[in-house]
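>>> kindly return the folded structure for what I paste below:
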Amino acid sequence: MKTTISTILLAATFILGTPAISKAQKNDTATLLSKNDTSIRPFNINIPQSQLDDLKKRISETRFPDKETVKDASQGIQLEQLKELITYWGNGYDWRKVENKLNALPQFVTKIDGLDIQFIHVRSKESNAMPVILTHGWPGSPLEFINAIDPLTDPVKYGGKASDAFDVIIPAIPGYGFSEIPTETGWNPDRVARVWDVLMKRLGYKKYVSEGGDHGSVISDALAKQAPSGLLGIHLTMPATIPAELVKPINAGDPAPSGLSASEAKAYNAMSTFFGRNAAYGGMMVTRPQTTGYLLSDSPTALAAFLYEKIAEWSESDLHPENVIGRDAILDDITLYWLTNTGASSSRFYWENNKNNFSAEAQKTKDIKVPVAISVFPHEIYQAPESWSKQAYPTLYYYHKASKGGHFAAWEQPQVFTEELRAAFKDLRKKL
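Down below sits the predicted model:
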């Protein structure tokens, strides 16, 4: 017989002859049962039209600042460029297109560690497909991987072999997208990694691999350090390779020390510029995510500017990501943040992960025992040198420089990203 809250209450009343459970006890029982719920439920998106109407109204009432006083983007996204994006968002963009696209995919939700985790799960038609969990970052979302699903699951159609096939699982980090927003502290990369392992095993996978960029790289690192049974290996596009002795001088903006190779000096200078000129957004979220959240939750234009700047800066697009990712795709991502009101909760993930994501020592990469693969994309925040990568990850077995793409590898170049995953995980397939 299926046990339900009503069954428990009825049985207690029958035995005792009176209402046996108070309202508070009933709530406790419901909480207990929900925590034990391992069901996987279908998920469908249907945003009320009133929310879309409210978004357009807010966009129409935007008050823009005055024009920047420089002729480049050194003060941030230029007024004319952002106005063009916001005007289209309010007058030409259609959320329903991406909503329909997502609803055509197998979407689900399941409760793990007290939170509903929403995810996409596409199985390949090919036998012996390798299960891979793909983890997004900020200011991205699961939408980063949408155009890579078909090449990963149907390799023959996209220049590969049947033996290259993957089953693809794309979850939203708690506090992002349609996953539940945490109401307590402690939802850091380690905790998310443990949830990911539960998810993969709940889906019936005994063996799998993990891939990630940005937060996804940090979560994949955490998963690899935990080394749960069945995790065959990880693939990273933003690895933590900066040697311990270089972290302090990079943060201080000191000149690159002598003795570095050309690729190491280039990486050093890129990191120094990043922390010195481009990392204020992270400092805000690491230290004051709630204050940042008021801005991002109340003004769609403020949200768009905050996210769009990094999409433009970190993509291989010469600060015009529409030319690579597409204007609608960028607004799909920004609108997802708006409709789910996750500006604050996504910022809190930075607060929870208050570490240097690029430092090998901070991320304890040497504790990783499972195989590690790294793909270096030419417009990533920094290009991890092979020498640093080998030093940081003793189990590194694959290192390759991709032909094109930036921080949002799968979003910008889904075919190149797919080819990297095929090559990176090829040798691990024999362990399936």
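>>> remind me, longest strand of this structure?
Taking DSSP state E as the criterion, the chain has its longest strand at strand 115-122.
>>> between strand 115-122 and whichever helix or strand comes after that one, find me the angle.
Downstream of strand 115-122, the next assigned helix or strand under DSSP states H and E is strand 130-135. For strand 130-135 against strand 115-122, the angle by axes from the mean of the first three to the mean of the last three Cα atoms, to 10 degrees is 130 degrees.
>>> quick one: mean pLDDT for strand 130-135?
Averaging pLDDT along strand 130-135 gives 98.
>>> helix or strand for residue 247, which one?
Here residue 247 is assigned to helix 244-252, by DSSP H and E.
>>> buried by neighbour count: which residues of that helix qualify?
246-247, 250 (16 or more other Cβ atoms under 10 Å). Every residue, glycine included, has its C-beta placed from N, CA and C.
>>> hey, C-alpha coordinates of whichever helix or strand comes after that helix in CSV?
Toward the C-terminus, helix 244-252 is succeeded by helix 262-273 as the next helix or strand (DSSP H and E). Provided in CSV are the C-alpha atoms of helix 262-273 (Å, rounded to 0.1, in the frame of the first residue of the first chain):
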residue,chain,number,x,y,z
ALA,A,262,55.8,32.7,-22.8
SER,A,263,52.5,30.9,-22.1
GLU,A,264,52.9,31.2,-18.4
ALA,A,265,53.6,34.9,-18.6
LYS,A,266,50.6,35.4,-20.8
ALA,A,267,48.4,33.6,-18.3
TYR,A,268,49.9,35.6,-15.4
ASN,A,269,49.2,38.9,-17.2
ALA,A,270,45.7,37.9,-18.1
MET,A,271,44.9,37.0,-14.5
SER,A,272,46.5,40.2,-13.2
THR,A,273,44.4,42.2,-15.5
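>>> output the contacting helices and strands for helix 262-273.
helix 244-252, helix 386-392 (3 or more Cβ pairs under 8 Å, 6 or more residues apart in numbering; DSSP states H and E).
>>> now those in CSV, with distance to residue 432?
Converted to CSV, the helices and strands packed on helix 262-273 look like this (distance: least, Cβ to Cβ, whole Å):
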stretch, distance to residue 432
helix 244-252, 36
helix 386-392, 26
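>>> closest to residue 205 out of these?
helix 386-392 (27.7 Å; Cβ to Cβ).
>>> what sits up against the closest one?
Contact with helix 386-392 is made by 239-243, 261, 263-264, 267, 360, 365-366, 374, 396, 399, as judged by Cβ atoms under 8 Å, 6 or more residues apart in numbering.
>>> pull out the buried positions in that helix.
Those would be 386, 388-389, 392, for helix 386-392 by 16+ other Cβ under 10 Å.
>>> again with stretch 132-150
132-149.
>>> quote the end-to-end distance of it.
14 Å (Cα to Cα, to the nearest Å).
>>> what does stretch 380-400 give?
13 Å.
>>> then stretch 258-278?
Terminal-residue distance, stretch 258-278 (Cα to Cα): 25 Å.
>>> same deal with stretch 155-169?
For stretch 155-169, the end-to-end distance is 16 Å (Cα to Cα).
>>> what does that stretch contact?
Under Cβ under 8 Å, 6+ apart, the answer for stretch 155-169 is 119-126, 128-134, 145, 148-154, 199-200, 203, 205, 415, 418-419, 421-422, 426, 429.
>>> weed out the non-buried ones from those residues.
By 16+ other Cβ under 10 Å, the contacts of stretch 155-169 give 119-122, 124, 126, 129-134, 145, 148-149, 151-154, 199-200, 203, 205, 418-419, 421-422, 429 as buried.
>>> low-confidence ranges in this protein?
1-35 (pLDDT under 70).
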